[in-house]
Structures are given as C-alpha cells and as structure tokens.
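*Asks:* structure for this input, please:
(one chain, ligands or ions: 1)
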Amino acid sequence: MTQASFAATGPQTARLAIGTRGSPLALWQANAVRDALAAALDRPLESIEIRVIRTSGDRIQDRALSEAGGKGLFTKEIEEALLAGTIDLAVHSAKDVSTILPDGLHLAGFLPRADVRDALILREGAGLSDLPTGARVGTASLRREAQLRRLRPDLDVSLLRGNVHTRLAKVREGAFDATLLALAGLTRLGLAAAASAVLDIDAFLPAVGQGAVAIETRKDDPPTEAAIAAIACRATGIALAAERAFLAALDGSCRTPIAGLATVEGDDVRLRGLVLSPDGRSAAESDARAPIADAVRLGTESGAELRGSAPARALGL
Ligand SMILES: NCc1[nH]cc(CCC(=O)O)c1CC(=O)O
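*Replies:* Next comes the predicted model:
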C-alpha cells in the first residue's frame, strides 16, 4: 500500500502490507504484529496482508559470506520493498537489524520483549556442567562461541548453521552434543521444551536486540506510524535505543563478539555490555545506568568506554 491510498481511505480502512522473511520464526513474528495491529486498530485481520520476501541471507547460508555482508543480509530486500512502497511495514527479529538503516527508514516500534536469555540444548544432561571435556557444541554465533569458551575452554566449539529446526535436529541426531539458541525463538516455535537449561544473564549475556521484534517503517508515513504507536512497547523501545546505540559505538569490527542488554528499572535504564576475544580468554565489561531520557547517550558512552578500555584495545577494537 502506498501513502496515497491511506490519504484516500484513511488509516482505519486502508489495507496494510507487512513484509517478512519466510522462515517459521519470521512468520510467527509477522503474525504477532498483524494480530496486535488488528486488535489495537479494531480492524479485520484480512485488511492486514503478510508478504513473504526472500532475502540474500536466506539464499547465502555460508558463514564467511554472511559475515562479509553483515547483518543487513536478512533485511536488504525487505527494506527495498519498504522504500518502493510495496509494503508498509517490515517485521524483523531486532537482533538481525543492522544499526545503520537505509535513508528514509527507521524502527518505529517494538513488540513487548520476550525472554532475552539463551537456552542450552543438550543431547544428554540438564546443564553446561553435564557436558564432558571435548564435547562438541555447534553454533554460528561468535558471541555464543566466545562466551562458551570463556566458561568451558575444554569444549570443542564449531560451526553449526541453519534455522532453529535444523540445529535441533543436528543435536538430536548426534552430530553435535549441544547447541545454544535464543529461548525466545524456541518459545515462538512451540519448542521451549527442547531447552535443557536456560542460561543466566550474569553468566551468559544475550545479543543486542535478542527477544525483541522490531517494526521498520518509512519515515514519511504518518498513518502507518500512528498504527505502530498503538501497539509499540515503550520499555522495549527504551532498552533497544540504549542497546543499539551501544552496538553502533562498537561496530566496525563485525568479527568481534559483542553482547549487550538494557533493562528499564523504574525511571532508569541499565545497560550491561560485553566484548570478548573469539577464544573467550579476554573480555571487557560495562554496567551503567542513566535516566530513561538518556538511553541513547548511555549506549553511546558505554560503547565508547568499552572501546577505549585496555582489554578492548587488546582485542583490536
Ligand atoms: N540470528 C537468528 C535469530 N534471530 C532471532 C532469533 C531468535 C529470536 C530472538 O532473539 O528474538 C534467532 C535464532 C537464535 O539466535 O536462536
């Protein structure tokens, strides 16, 4: 839908088109936004369309290539559709959205955040300590790999890529003894029971944006903006503003494992951040708080502070 059609029919009756990737997780998230919009705007579900868009990230499943291209790989074609006006909003896992968006686009809001923690999926046992020395753990995440090596340098961590179902199958079939996945993704897919343990954030800090669903729109689209405002979660927006500013201040080295989590605590926002060496042996951590109004500044300053710290300089940041 284009802006002109909104002008002609008004936001209550105009159709809205949501763009999303076609993975089961992405479809769940797009449907959650659709349900929330239909309820908040009191419109029939049929007036909100879901359009599946295949992205470069869906085609390229090789880690070297996806690292070369960065996170934008899972959003590029969807953002092009947004700019072209073939969709009105894009729904993404916030974790997969680059800190730099194309001109004319912005994140207009977030659904209430789900559990931010990582889950450990074991073939046998109930926790990290049940893994024997040399156990094979598969992950495609540098952040998970580095934090795992920090806690358990004796494990054999190697690349395991693919969607949630693929990774669970690799553990079930015995190709790996364990893997790590976001609890939020497992829960959305009805697979929370596959989690052998949920890792405490003090021991294992999540990725920036983990557990949050982001809604991206054109900046020059007030009717869609108003629709998103009706469903956006304020606390999640504040946390994500801090986290994304933190990541933006550290970006540049996409091979550096980075973790960050902001939480709204009363009138303050607290931000915990972590950068690690890939082997997990050196790490720089931050933990700071600021009034909610200064969320972005908190993120920027925490990022700059970590970047300037001695351990971070040793990591080449
Ligand atoms: N990079 C893939 C991705 N993007 C978002 C999620 C999970 C859902 C979320 O964090 O909101 C996942 C899978 C995973 O990391 O386990």
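*Asks:* interface residues of the protein facing the ligand?
*Replies:* 93, 95-96, 164, 181-182, 184-185, 210-211 (Cβ under 6 Å from any ligand atom). In short, each C-beta sits where N, CA and C put it, glycine included.
*Asks:* any chance of these in CSV, with neighbour count too?
*Replies:* Shown next, in CSV, are the residues of the chain next to the ligand (neighbours: other Cβ atoms under 10 Å):
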residue, neighbour count
Ser93, 24
Lys95, 22
Asp96, 18
Val164, 20
Leu181, 22
Ala182, 24
Ala184, 25
Gly185, 23
Gln210, 25
Gly211, 27
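*Asks:* dump these to TSV, plus secondary structure and pLDDT.
*Replies:* Listed next are those as TSV, based on DSSP: H, G, I helix; E, B strand; the rest coil; pLDDT from 0 to 100:
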residue	secondary structure	pLDDT
Ser93	strand	97
Lys95	helix	95
Asp96	helix	92
Val164	helix	92
Leu181	strand	98
Ala182	strand	98
Ala184	helix	98
Gly185	helix	98
Gln210	coil	98
Gly211	coil	98
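*Asks:* can you tell me how far Pro153 sits from Pro278?
*Replies:* Counting by Cβ to Cβ, to the nearest Å, the separation of Pro153 from Pro278 is 12 Å.
*Asks:* list the contacts of stretch 246-256.
*Replies:* For stretch 246-256, the surrounding residues in contact (Cβ atoms under 8 Å, 6 or more residues apart in numbering) are 67, 70, 99-100, 142, 208, 258, 260, 262, 271, 273, 275-276, 278, 298-304, 306-307, 315-317.
*Asks:* could you list which of those belong to helices?
*Replies:* In this view, these that belong to helices under DSSP state H are 67, 142, 298-304, 306-307.
*Asks:* I'd like to know which of the contacts of stretch 246-256 are buried.
*Replies:* Taking 16 or more other Cβ atoms under 10 Å as the criterion, what is buried in the contacts of stretch 246-256 is 99, 142, 208, 258, 260, 262, 271, 273, 275-276, 298-303, 306-307, 315, 317.
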